[in-house]
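Peer 1: let me see the structure of the following:
(chains A and B)
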Amino acid sequence: MVNHLTKLTLIILLGLAPIFLSAQPTADAGKGLFKNNCAQCHAKNMKSVATGPALGGVEERWADYPRQDLYDWIRNSQAMIKKGHPKAVELWGTWKPTVMQAFPNLTDEDIESVLLYVNGMYDGSLLPKSAVAAGGVTGGATKAETPSWYYYALFAFLGFLALLLARIISNLNVLAAAKDGTTVAQRTLWQTLTSKGVIGFALFAAIILGGYTTVNNAISLGRQQGYAPDQPIAFSHATHAGTHKIDCQYCHDGARRSKHGVIPAANTCMNCHRAIKVGSKHGTAELTKIYASIGYNPSDNTYIKDYDKLSQEELKAIYTKWMADSYITEEGIEAIDKAGEALVETQWNNLVSSLTNDQKKKIQGPIEWERIHNLPDHVYFNHSQHVAVGKLECQNCHGAVEEMDVLAQHAPLSMGWCINCHRETEVQFGDNEYYKSYEKYHDDLASGDKDKVTVEDIGGLECQKCHY
Amino acid sequence: MHKTKMDNKAVWIGEKDLNRDPEFLESVDKEFGGTDILENGEALVEKDSNRRDFLKFLGFGLGAATVAAGCDIPVKRAIPYVIKPDSIVPGVATYYATSYVEGGDYCPILVKCREGRPIKIEGNDLSTMTKGGTSARAQAAVLSLYDTNRYKKPMMTADGGTTEASWGDIDATVMAKLAASNNIRIVTNTILSPTSKKVLGDFMAKYPQSKVVTYDPVSSAAILEANEMSFGDRVIPGYHFDKAKVIVSFNADFLGTWISPIEYASDYIKGRKINPKNPKMSRHVQVESHMSMTGSNADDRILIKPSELGAAIAFLHGKVAGGSGGNGLNDRAKRALTKIAAELKGARGNSLVVSASNNVQEQLLINDINNVLGNYGNTLSFSDASYQRQGDERKLVKLVSEIEGGRVDTVIVWGANPAYDYAGAAAFKAAMAKVNTKIALSYQPNETTALCNIVAPTHHVLESWGDAQPKRGVVSLIQPTISPLFDTRQAEESLMAWAGMPMSGDQPYLSYLKSNWQSTMYAGGSGFATFVGFWDNALHDGVVKGGGGSQASGFNADISLAKGGVSKPSGSDLEIVFFEPVSIGNGVFSTNPWLQEMPDPVARTSWGNYLAVPINYDGGIKFLGLNGLRDGDLAEINVGGKTMVLPVIQQFGMAPGTVGLALGYGRADAGACGTGVGKDVNDVVTVNGGLSQYYNPSVSVSNGVGKEEHFSCVQYHHTIGVQAENNDGETINADEATLGQTAYGVGIPGYQGSLTKRSIIYPTDIKELKDSMARMHKDQKNFDHLNEATLYPYDEYVAEKYSQGHHWGMHVDLNACIGCNACTVSCMAENNVPVVGKKEVSRHHEMTWLRIDRYYFGDAENPNTVYQPMMCQHCDNAPCENVCPVNATNHSSEGLNQMAYNRCVGTRYCANNCPYKVRRFNWLDFTTADIFPANQPAVSKGEAVPFGADNLTRMVLNPDVTVRSRGVIEKCSFCVQRLQEGKLTAKKEGRRLQDSDVRTACQTACPTGAITFGDTNNKQGELSKKLRSPLNYVALDEVNVRSSVTYTMKVVNKEPLDA
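Peer 2: Numbers count the residues shown, from 1 in each chain, chains lettered A, B, ... in the order given. This next block holds a predicted model:
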């Protein structure tokens, strides 16, 4: 009987072995790899161009060459360019001087995983259902993702197995005892479960789990990744930065010269919105808020004199007139109708509630946005260091803002996140005269002792680089 | 150790050090002064607190943390500009050139503004006068802008009550009153502004019945009059301390308070810095009764009683110019002055004799001495004569008598405070009751505005337009650096309105100023093609050349009677001398907490005036204060019939039979900060011929009548290198006393901790410089030998890390440091260092990151002084770093000893282990950065919230520096925010870092250039040049902490005067 059982166990374990041992490429693994290695330069939707090209369709573009070439290209593109691979040289011609970082540690399986993920994101099969439905893509792609119930089932099975084995051992003990002529009271399952050992173990496990959860939650306390509050104005970055391709730094003009990225003043909006007075999505509903903030009368294209002194009624007269007139023009009607009046009233009420709050009673004055990216007081961050000196793209930290209708916090803004980037990011060492004072590193680079200088190397992990 | 003639190398901290006071030595051994740290937590930790309470607090703590964790993160708002000004980029500082002017005090400055609010003041290095230097007062001006005590609206007294009024009402009322007045008097302090004077002229043209009465809180009227008599030129001559080889000052504190201290300090120090290859320095002799800051920097001091000043001047005059004089002067002074006279004659044309005496005859003698010595045209000149003192208090005497005669019906007080800072304040107050209309032009309430029935509040100088002419040939502009915070109006604009002058535009005074400049400065030959160009350039630079004046004629005065007119020695056993404190002046700056907390450079007392009593050596055992008084004792003194109880500080270098006391304290109406701090002595200043004489020969001092509750002198806080004796009579380090109790006994051979001879200060005389340097270098060799025995692989670190990139270092020239504390206040402003108040100072809790340690050396009866700015030394082998259990303090690759506040858990091990005692612990939540209000310090009288909690005060905070909460250690960071900013600038411009990119706040504030900061890896840099001097040493070199701060030997130029 004992032999029988051992065999059975062995067979079961051997049957499960591939699950533990194989390194099958999966889109899930690819997601993780992409996020850690590629997302800084390549857009996640695989369709838009960021620092690096859109990755969608990469396999087709490399279809003329052996698969190995694509692997090599991803691992170390510069080496291939130097070798003179025709596709590599062609791509370099388009993208230079942007250099793709080398990833010598990626295995072929890793790259396949990433490619799976790239394809999945490109054809939409990996997107959440709702997002896919809009595109109407029905996937023929195989789902390589392992569903979570699979793990639960596995756990349940292993638990069952453990119990079974315990039972067998217990039976064997009884049999052995019987052989010796003594009798041992066999414990029931219930007795086993309520034994001191098991309860102790359960308590221990609960404390560990509880402690782990508490610490983790405490660490993330105050972090707001994904925070996307409704703003007083339904401003869409997707429209401005995406559709119209306005440079981020046109409005956020502090990013290149100040610690703050700077939320643009209303007068920056007016540069364009003196001309564009009716929005593509919300018509007059949102744009009028800018006019009401700064004191611009869109009906006669003038700034209102002594705007600060006007009462809310006077403001209402000016701006509801503009809303009504726009409605009439849009509908092509002679005079405003009931629906129009209701719309104007709604728009006006929305304007008032957006531009006023408990502290700010007047409509006039600044637009009070809800701040999304918050750092604690003891953290010093300087945009210009990263944008002007480090030459990072905004998307590195802020994500694909050009696709966001409602802006959300992309990065966790945790210290671990900062540190990690400082560890990996290479300093713009060669082209900046400032770094000449790091003579040893220059020697090391020249002699090949060092292949790159990261932010960490020049002290980027030290406390007083960010805390003072 | 107990001897009067000190070994030339030995230094001492003060009387308690010399006497080896057991209480003091115990406090040295205990970290944090041994104060009961729980005293403040009475509410939390009561005496009978037990386990149950502990559980309660634990439960509360857990509960509070849970509640805090359960709350949503509050919504924060980001509020952009509506219309962003071109000149402002949020997050980037803008600098405006302007001038700091308060009465006759003048300092051309650059104001650093962030998002439209001034946060820091820097010196303007385009100025030929101050050359970028500042004073503590100028540094602190930015805080007075945000004074909660300021007037916020115009006020008018009607029907017995004072109510807020509109400017329209004020103007209408004032104009009606003025028109009906027969005699109008405008009381001011010195006005430096030519345009303000023009406004006054226009005002007087409209109201010809008006007259201006100008006086100064500390008078220099006698100098003005003496120069008018000698040269026909009523000015203060331009003094050139840089050209003088021998400087003799009779009681003039020209480095601290006298007339133009920043300018004089900058000049003076040129003759004091030592070139070790060719050691030469000027000689400075101070004749005084009380150790002033200037006196403490002198090579020799001649001690006289205050009433002997006239005799001393007459005696020197006799020795220099011939004739007799000096009856009643003490013999020691006579002997010394005889030698000084010879030295002066030896430096004919290159000497300078100055005096702060307020006796016209004495000043005439001073003029004659300088004339006989041929100093005019060289060390003194009239082509750049100073306008920084113009007042004459005799006019106030006249005003009071006019009022009493019923002849004055309107008094306008512009900025001045004669109801406090004038010897006849009481008479002035009484007289004011008889005046019908009293108008105050002031930015904050004071004793005089309290007497007025109309208050027309003025802008703070940082909100104002204006100009200033501190001396002939130098004019500077004042421009606003922030929109007016309150409903105030420029004083000149008020006068223009009341004179019915045309008011054009939003800022009528600006138009007036511009047109005045167009017709005077510009028309006077500016070299610019257009006025706009000239004006813009002047605004940018802040200072322009111009505004010259008539030259004085030659010396022509009858001095035959002068010797008869000098003050006569009183013959009294005990006299009291009054002096202007470096910090708060004669009460003018009392409302400024930074200046109140700034210790007096010499006595190192803060928050109040302490009676300085002389220390006598009893010949055998002890140094005793007068009447056995000790530091912190209360004594009852009677001056000229007024009885006061004052705390005492024992002071070395006082003339025998003299006690000293600072003016400027005891203000009755100076807001929450200044009211009732110290005692007012303006009313016991003696008056001779209408001129204030800042001493009183009639004084008696009692024995101790108690102890001051909060003795706020910082001299015995955070001391280093103090020696004590163990039970076996062996000399040990007081702060290493515990070492002596180990099984090994005292002094493990070669163990650095047991060394009793510490390298902290190396004083020497210039004549022995070579030998002293050799001795010091020998010491250093020994230290190097000691330091070789270490496990610390310093050379590896140097090779691996510190040799590339930057390695920050600092050089402090102790020969240039005059102890003025400008750096201390600058550091507080730059680094958001909190003010803690008198009680906390008394408990060793002052938070200053940079302190100026004062040491005495030489003759115990009349010692020399050395000031040592002491801040975190950023040791490369830092003892504080090793003991931090959470690694909150650690080392950067640039050699900075970093402090991460958010990591600190407040064990204070680091402070305990710091050999320099420069780490400060936030015992309380001084700046309300904490989320639990219970941690805030107790609210003092008259305050609704603690200082630093008010939103107005908090506008001064530097947004680039973390505001620390309770329970964390902080210390000097080498202004890391400036280093990072400087590096970023260089990176953005794609060039190597330059010295000018990285300058610390203490360095930029220093009027004498004593502090040099830089990158030691930059071998061409200014710092590297200084580091090559053989005068250099590292403080506590022997403990192998590898400090990054280097000091120089203190060199004096003494002569035996009493032989």
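Peer 1: for the rest of this, base every contact and every neighbour count on C-alpha atoms.
Peer 2: Fine.
Peer 1: output the longest helix belonging to chain A.
Peer 2: Counting residues, the longest helix found in chain A (DSSP state H) is helix A:148-180.
Peer 1: ok, and for it, which residues are buried?
Peer 2: A:Arg167, A:Val174 (16 or more other Cα atoms under 10 Å in any protein chain shown).
Peer 1: do the same with stretch A:384-393
Peer 2: A:Ser384, A:Gln385, A:His386, A:Val387, A:Ala388, A:Val389, A:Gly390, A:Leu392, A:Glu393.
Peer 1: tell me which of those residues fall in strands.
Peer 2: Judged by DSSP state E, strands contain none of those.
Peer 1: contacts with chain B among those residues, please.
Peer 2: A:Gln385, A:Ala388, A:Val389 (Cα under 8 Å from any Cα of the partner chain).
Peer 1: for those, which one is nearest A:Cys272?
Peer 2: A:Ala388 (25.8 Å; Cα to Cα).
Peer 1: OK, contacts around the closest one?
Peer 2: Shown in contact with A:Ala388 (Cα atoms under 8 Å, 6 or more residues apart in numbering or on different chains): A:Ala255, A:Arg256, A:Arg257, B:Lys988.
Peer 1: let me know the pLDDT of the residue lying closest to the third one once chain neighbours are set aside.
Peer 2: Spatial nearest neighbour of A:Arg257, chain neighbours left out: A:Ser384 (5.0 Å); criterion: Cα to Cα, 6 or more residues apart in numbering or on different chains. Per-residue confidence at A:Ser384 stands at 94 (pLDDT).
Peer 1: quick check: A:Ser384 touching A:Lys259?
Peer 2: Yes: with contact defined as Cα atoms under 8 Å, A:Ser384 reaches A:Lys259; the gap is 6.0 Å.
Peer 1: how about the residues of the stretch 301-450 of chain A that lie near chain B?
Peer 2: Residues of the stretch 301-450 of chain A found near chain B (Cα under 8 Å from any Cα) are A:365-372, A:377-380, A:385, A:388-389, A:432-440.
Peer 1: so which of those residues sit within strands?
Peer 2: Using DSSP E, these in strands are A:Trp369, A:Glu370.
Peer 1: show the buried residues in the residues of the stretch 301-450 of chain A next to chain B.
Peer 2: For these, buried by 16+ other Cα under 10 Å: A:365-372, A:377-380, A:385, A:388-389, A:432-438, A:440.
Peer 1: which members of those residues occur in helices, if any?
Peer 2: A:Lys440.
Peer 1: out of the contacts of A:Ala388, which is most surrounded?
Peer 2: A:Ala255 (23 neighbours; other Cα atoms under 10 Å in any protein chain shown).
Peer 1: now do the contacts for the closest residue in space to that one that isn't next to it in sequence.
Peer 2: Take A:Ala255 and drop its neighbours on the chain: the residue closest to it by Cα to Cα, 6+ apart is A:Gly261, 4.0 Å away. Neighbouring residues of A:Gly261 by Cα under 8 Å, 6+ apart: A:His252, A:Asp253, A:Gly254, A:Ala255, A:His383.
Peer 1: please apply the same query to B:Cys875.
Peer 2: B:Cys875 touches B:Gly895, B:Leu896, B:Asn897, B:Val1041, B:Arg1042, B:Ser1043, B:Ser1044, counting by Cα under 8 Å, 6+ apart.
Peer 1: without its sequence neighbours, what residue ends up closest to the last one?
Peer 2: Nearest residue to B:Ser1044 in three dimensions, chain neighbours excluded: B:Gly809, at 4.9 Å (Cα to Cα, 6+ apart).
Peer 1: surely that neighbour forms part of a strand?
Peer 2: Yes: counting by DSSP: H, G, I helix; E, B strand; the rest coil, B:Gly809 is part of a strand.
Peer 1: wait, it sits on B:Phe1013?
Peer 2: Yes: under the criterion of Cα under 8 Å, B:Gly809 makes contact with B:Phe1013 at 6.0 Å.
Peer 1: any common contacting residues for the two?
Peer 2: Common contact partners of B:Gly809 and B:Phe1013 (Cα under 8 Å, 6+ apart): B:Leu1023.
Peer 1: let me know the closest of the contacts of A:Gly261 to A:Ser414.
Peer 2: Closest approach between those and A:Ser414, by Cα to Cα: A:His383, at 16.3 Å.
Peer 1: who touches stretch B:258-276?
Peer 2: Stretch B:258-276 has contacts (Cα under 8 Å, 6+ apart) with B:104-107, B:129-131, B:133-135, B:239-245, B:252, B:254-255, B:280-282, B:356, B:388-389, B:815-816, B:1007-1009, B:1029-1031, B:1051.
Peer 1: A:Glu368 and A:Leu355 touch, don't they?
Peer 2: Yes: here A:Glu368 reaches A:Leu355: they are 7.1 Å apart, a contact under Cα under 8 Å.
Peer 1: so what sits against both of the two?
Peer 2: Residues touching both A:Glu368 and A:Leu355 by Cα under 8 Å, 6+ apart: A:Pro232.
Peer 1: re the thing from before, with secondary structure added, can I get the contacts of A:Ala388 in a markdown table?
Peer 2: Listed next are these as a markdown table, based on three-state DSSP:
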| residue | secondary structure |
| --- | --- |
| A:Ala255 | coil |
| A:Arg256 | coil |
| A:Arg257 | coil |
| B:Lys988 | helix |
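Peer 1: any chance of these in a markdown table, plus distance to B:Cys880?
Peer 2: Shown next, in a markdown table, are those (distance: Cα to Cα, whole Å):
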| residue | distance to B:Cys880 |
| --- | --- |
| A:Ala255 | 38 |
| A:Arg256 | 38 |
| A:Arg257 | 37 |
| B:Lys988 | 35 |
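Peer 1: out of those residues, which comes closest to B:Ile584?
Peer 2: Nearest to B:Ile584, judged by Cα to Cα, of the contacts of A:Ala388 is A:Arg257 at 40.0 Å.
Peer 1: would you map out the domains in the chain?
Peer 2: No chain in the question, so chain A it is. A:27-135, A:414-468 (automatic domain parsing).
Peer 1: can you look at chain B instead?
Peer 2: B:155-217+B:393-460+B:493-523, B:221-386, B:572-707.
Peer 1: nearest to B:Ile766, out of these?
Peer 2: That would be domain B:221-386 among these, by Cα to Cα, at 7.0 Å.
Peer 1: for that closest one, what is the average pLDDT?
Peer 2: Across domain B:221-386, pLDDT averages out at 92.
Peer 1: wait, is A:Asp300 part of a strand?
Peer 2: No: using three-state DSSP, the assignment for A:Asp300 is coil, not a strand.
Peer 1: surely A:Ser437 meets B:Lys987?
Peer 2: No: counting by Cα under 8 Å, B:Lys987 is not a contact partner of A:Ser437; they are 11.6 Å apart.
Peer 1: low-scoring stretches of the chain, by residue?
Peer 2: Unless you meant another one, I'm taking chain A. Scanning chain A for pLDDT under 70 picks out A:1-23, A:40, A:127-147, A:184, A:186.
Peer 1: hm, I was asking about chain B
Peer 2: By pLDDT under 70, the low-scoring segments of chain B are B:1-9, B:31-50, B:61-62, B:64-72, B:159-160, B:547-553, B:618-621, B:736-756, B:930-945, B:1059.
Peer 1: which residue packs closest to B:Tyr901, ignoring adjacent ones?
Peer 2: Of all residues not flanking B:Tyr901 in the chain, B:Val968 sits nearest, at 6.2 Å (Cα to Cα, 6+ apart).
Peer 1: and that neighbour, how far is that from chain A?
Peer 2: Using Cα to the nearest Cα, to the nearest Å, we find B:Val968 at a distance of 13 Å from chain A.
Peer 1: same check, this time on B:Tyr422
Peer 2: For B:Tyr422, the distance to chain A (Cα to the nearest Cα) stands at 46 Å.
Peer 1: and stretch B:335-355, how far apart are its ends?
Peer 2: 20 Å (Cα to Cα, to the nearest Å).
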